[in-house]
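Asker: Pasting the sequence and the predicted model now:
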Amino acid sequence: MAKEEISHGLINLLLVLLVLGVLMTIAIFILRPTEWLKHSRDAQRVEDMIELAHAVNLYLADHQDFNKLKNNQIYNSLSAKKDLNEDGWLPLNLTSISSGAPFARLPLDPNNNFSYYYRFGVNQEKKTFELDCVLESGINQNRQLTDNGNNPNRYEVGTDLTILK
């Protein structure tokens, strides 16, 4: 009798492990946790782009200009410098905005590596700018295509979406 109870217990344990394995496999294929992480990082990127564009617009509204910046120069977040003065990756003195700096530190791409980083470019004469980034989730690829910019592989915001190539 003890042997039967042990074998029934082992069979029950194997069945439970089998069911758990099947459920975990289904959860991985249906929920795709890596895709959700990518989507979450993309949401942060889009929010950062909007906040950065707002900060640059505030900077320009305060009768500031881009006279210290160069046309055709691409400024990017790969340096990881988050200072709000001209020493940050966004080379504008955002602390000079009369209503105050819009954030405490410059945001960086959640990955901030050679594949995923933020870019900034200006047209000095027209006082226009563009910010962009790459979105990594397949769910968001259409956003890069429909942002009215000139680069279908990057999400673009700003006042002239043709500055960065």
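Answerer: On my side now, so go ahead.

Asker: leaving aside the residues next to it on the chain, what's closest to the spatially most central residue of the chain?
Answerer: The chain has R45 as the residue nearest its centroid, 2.3 Å off, counting by C-alpha atoms, centre = their mean. Closest residue to R45 apart from its sequence neighbours, by C-beta to C-beta, 6 or more residues apart in numbering: C133 at 4.9 Å. (Glycine included, C-beta is placed from N, CA and C.)

Asker: Show me what that neighbour is bridged to.
Answerer: Y155 (DSSP bridges).

Asker: Output the below-cut-off pLDDT ranges for the protein.
Answerer: The model of the chain has pLDDT under 70 over residues 1-6, 27-31.

Asker: all strands for it, in order.
Answerer: Per DSSP state E, the chain carries strands over the ranges 75-76, 119-123, 128-133, 155-158.

Asker: what would these look like in JSON lines with mean neighbour count?
Answerer: Shown next, in JSON lines, are the strands of the chain (neighbours: other C-beta atoms under 10 Å):
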{"stretch": "strand 75-76", "mean neighbour count": "18"}
{"stretch": "strand 119-123", "mean neighbour count": "23"}
{"stretch": "strand 128-133", "mean neighbour count": "25"}
{"stretch": "strand 155-158", "mean neighbour count": "22"}
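
Asker: I'd like the ones you listed as a markdown table, with distance to S96 appended.
Answerer: Listed next are the strands of the chain as a markdown table, based on distance: least, C-beta to C-beta, whole Å:
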| stretch | distance to S96 |
| --- | --- |
| strand 75-76 | 18 |
| strand 119-123 | 17 |
| strand 128-133 | 16 |
| strand 155-158 | 20 |
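
Asker: For burial, what's the neighbour tally of D160?
Answerer: Neighbours of D160 under the rule other C-beta atoms under 10 Å: 17.

Asker: show me what contacts the residue lying closest to it once chain neighbours are set aside?
Answerer: In this structure, D160 finds its nearest non-sequential neighbour in T128, 3.7 Å apart by C-beta to C-beta, 6+ apart. When contacts are counted by C-beta atoms under 8 Å, 6 or more residues apart in numbering, T128 touches 122, 158-160, 163.

Asker: Could you export these as CSV, including distance to L37?
Answerer: Shown next, in CSV, are those (distance: C-beta to C-beta, whole Å):
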residue, distance to L37
V122, 33
G158, 27
T159, 32
D160, 33
I163, 31
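
Asker: which one of those residues sits closest to L69?
Answerer: When the contacts of T128 are ranked by distance to L69 (C-beta to C-beta), V122 comes first, at 5.0 Å.
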